[in-house]
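Peer 1: What would the 3D arrangement of this be:
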Amino acid sequence: MTMVFSLFSLALIPAIFAAPTEEAQVILGVTDPIQISGLHHLQGVGGIINIGNEIAHQWVEDGKQFIKQHDLTYEMVLHPQFNDYKLRITEPKLCDPTVKQYSGYLDISDDKHLFFWFFESRTSPEDAPLLMWLNGGPGCSSSTGLLFELGPCSISDEGANTTHNPYSWNAHANMIFLDQPINVGYSYSDDGSTVNTSPVAGKDVYAFMELFLSRFPEYSTQPFHIAAESYGGIYVPHIANIIYTENKKIPIASSGLVKINLASIILGNGMTDNYVQMASVPDYLCEGPYPIFDDPNGVECTALRSTVPICQRMIKACYDFDSRFTCVSAALYCTSFLHAPILQSGLNPYDARIQCDREKDGPLCYRQMGWIETYMNDPEVKAALGVNPQLNFESCTKAVNLAFILQGDAMHNTPLLLKEMINDGVRLLVYAGNADMVCNYMGNERWVEQLDTVFLDEFSIAPTERWVTMHSGKMAGTVRSAGGAGSGAGNVTFVTVHEAGHMVPFDQPEAALDMITRWIMDVPLTLDMVDLATPVMPL
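Peer 2: Numbering: from 1, shown residues only. Predicted coordinates for the structure are as follows:
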């Protein structure tokens, strides 16, 4: 079971600061107030309340509610339509102090808490779209994406510092990084309970978006894009589907809800359709750009291919019967047999171009994961972000990973969730680095080819065209697209990123920024500097 779990893990592991006035401190019994200027006119005083197992002090000032908990002060946001949820907000100055930031928690029924970190766009935030980023795992913190791939700063000096990232995706987008589900990263539960299915996780994310946008309506008028990598290929279709479904109810529901302008779904090296993607593993390992076997017709490749029909029958049984037994069995069989050669190769599963020394590089083959844990466990960082100093941050949490495995969550027919949304105008971008062995680009392109939408026929005959970055004119990969009438980035678009592994923004930062900027601005990736007299957007 230990080996099976390890293999499956590889497959999936992909302020507003305020303090009460002196008078209020006496009433509330606060003896160690945080000294922060700029707050006046106490309008009301609350008292001592309980949040989970912790005592907190609550008051009202300048028409806003505030709460002090474990020596940290937050603005508190409530919503009449979400009685079981509230938002706690601080305003840090870490990572990139040149842009406005918010961080804090979505509290769920007082015993579950989701951490978020928001950065305004570096360019025209009032006009920039809103982009949420989620990491996969399941069980990996969005801070790994933030500090390792595409956030405003990059981890450095073995976790002692961060450096400015000129290729951050908030160049032209207001960005939310969310640690979900519960017990991932800085997110936590008071009673040890957790979430173990993507549909349940999706409901919490929808509640977060409603509370966040009710507090910050200036970000609600622009398009909303939701992006993720790896197991996010399972998470995001569920989250997007819940947002899409709830949006349709708003005209007939109670007032006070925000209609979230869901514009697109973005999946990077994702695990989305395991029926198709698992079948691609022998092709990639035997005939891909970085094969691990010398002879595609040899005994190893023949044996590997022989497991595909059994794997697909088991996944089909999961689709048909939707039972924990059938879905867990499919997950364990397919990952154990099809991903075994990846683990045995000694290569980095997420980048076939390099070896993995787990003693030096860590269990996930990237030593930066350990650096991130060092940084995020710094008491000063926790205090700035509004995080309980007693929490221990892990880049990826095995217990959450195992909980999802033991529900067979990844083996369900996730693409079914996408059809109605895409037919109704929600756009889909799927991209994949061509050196990733775990969620390889072949399988990702194949499931997009088979996605049953109104764009199916157009995509099936769409040519594979070159993609050249606007800034440097570098040939970064290839693109296939359907929809968009030739003037946009497409309604269904697939991008292969050359010389990149599982974490495309880490391996090809300029190309990744070029891709995401064009996508959210709806500019075709097939245009290059030869086609244009002037660039369509700055990078």
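Peer 1: which SS state does the residue lying closest to D127 once chain neighbours are set aside fall under?
Peer 2: Nearest residue to D127 in three dimensions, chain neighbours excluded: Q222, at 7.0 Å (C-beta to C-beta, 6 or more residues apart in numbering). Any C-beta I mention is one placed from the backbone N, CA and C, and that applies to glycine too. Here Q222 is coil, with the state taken from DSSP: H, G, I helix; E, B strand; the rest coil.
Peer 1: my read: A330 touches Q312, true?
Peer 2: No - the pair A330 / Q312 is not scored as a contact, 9.0 Å apart, by C-beta atoms under 8 Å.
Peer 1: Can you show me the helices along the stretch 51-200 of the chain?
Peer 2: If DSSP state H, counting those that start in this stretch is used as the criterion, the helices of the stretch 51-200 of the chain fall at 142-145, 198-215.
Peer 1: quick one, which of these is packed in tightest?
Peer 2: Across the helices of the stretch 51-200 of the chain, averaging neighbours per residue (mean count of other C-beta atoms under 10 Å) puts helix 142-145 on top, at a mean of 27.
Peer 1: wait, C286 sits on P296?
Peer 2: Yes - C286 lies in contact with P296 (C-beta under 8 Å); the separation is 4.2 Å.
Peer 1: Reformat the helices of the stretch 51-200 of the chain as TSV; add distance to G63 and mean pLDDT.
Peer 2: Listed next are the helices of the stretch 51-200 of the chain as TSV, based on distance: least, C-beta to C-beta, whole Å; pLDDT from 0 to 100:
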stretch	distance to G63	mean pLDDT
helix 142-145	31	94
helix 198-215	13	91
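Peer 1: Give the residue spans of this protein that score low on pLDDT.
Peer 2: By pLDDT under 70, the low-scoring segments of the chain are 1-55, 252-255, 529-539.
Peer 1: Who are the contact partners of the one residue sitting closest to the centre of it?
Peer 2: Geometric centre of the chain, nearest residue: L134, 1.0 Å, by C-alpha atoms, centre = their mean. If you count contacts by C-beta atoms under 8 Å, 6 or more residues apart in numbering, L134 has them with S142, G145, L178, Q180, I226, A227, A228, G232, Y235, V236, I239.
Peer 1: count of neighbours near the fourth one?
Peer 2: In this case it means Q180. By other C-beta atoms under 10 Å, the residues close to Q180 number 26.
Peer 1: and if you look at the one 5 residues further on?
Peer 2: Burial measure for G185: 31 neighbouring residues, criterion other C-beta under 10 Å.
Peer 1: And for the closest residue to it other than its chain neighbours, the neighbour number?
Peer 2: Distance criterion C-beta to C-beta, 6+ apart; nearest residue to G185, sequence neighbours excluded, is S141 at 2.7 Å. Neighbours of S141 under the rule other C-beta under 10 Å: 29.
Peer 1: dump the residue contacts of S141.
Peer 2: S141 sits next to N135, D179, V184, G185, Y186, I372, M376, F393, E394, S395, C396 when contact means C-beta under 8 Å, 6+ apart.
Peer 1: Return the member of those nearest to R427.
Peer 2: Comparing the contacts of S141 against R427 with C-beta to C-beta places N135 closest, at 21.7 Å.
Peer 1: Would you list the phi and psi of the residue nearest to D179 when sequence neighbours are not counted?
Peer 2: Once flanking residues are discounted, D179 sits nearest to G185: 3.6 Å by C-beta to C-beta, 6+ apart. Note on G185: its backbone torsions stand at phi 60, psi -120 [degrees, to the nearest 10].
Peer 1: Could you check how far G185 is from A160?
Peer 2: Using C-beta to C-beta, to the nearest Å, G185 is found at 20 Å from A160.
Peer 1: okay, now L130: neighbour count?
Peer 2: Residues lying near L130 (other C-beta under 10 Å) number 27.
Peer 1: Surely it and P223 touch.
Peer 2: Yes - between L130 and P223 there is a contact under C-beta under 8 Å: 7.3 Å.
Peer 1: which stretches of the stretch 101-250 of the chain form strands?
Peer 2: Taking DSSP state E, counting those that start in this stretch, the strands of the stretch 101-250 of the chain run over residues 101-108, 112-119, 130-134, 153-156, 161-164, 174-179, 188-189, 224-230.
Peer 1: now the ones you listed in JSON lines, with distance to R480?
Peer 2: As requested, these are exported to JSON lines (distance: least, C-beta to C-beta, whole Å):
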{"stretch": "strand 101-108", "distance to R480": "37"}
{"stretch": "strand 112-119", "distance to R480": "31"}
{"stretch": "strand 130-134", "distance to R480": "23"}
{"stretch": "strand 153-156", "distance to R480": "31"}
{"stretch": "strand 161-164", "distance to R480": "34"}
{"stretch": "strand 174-179", "distance to R480": "27"}
{"stretch": "strand 188-189", "distance to R480": "42"}
{"stretch": "strand 224-230", "distance to R480": "19"}
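Peer 1: Alright, that wraps it up for me.
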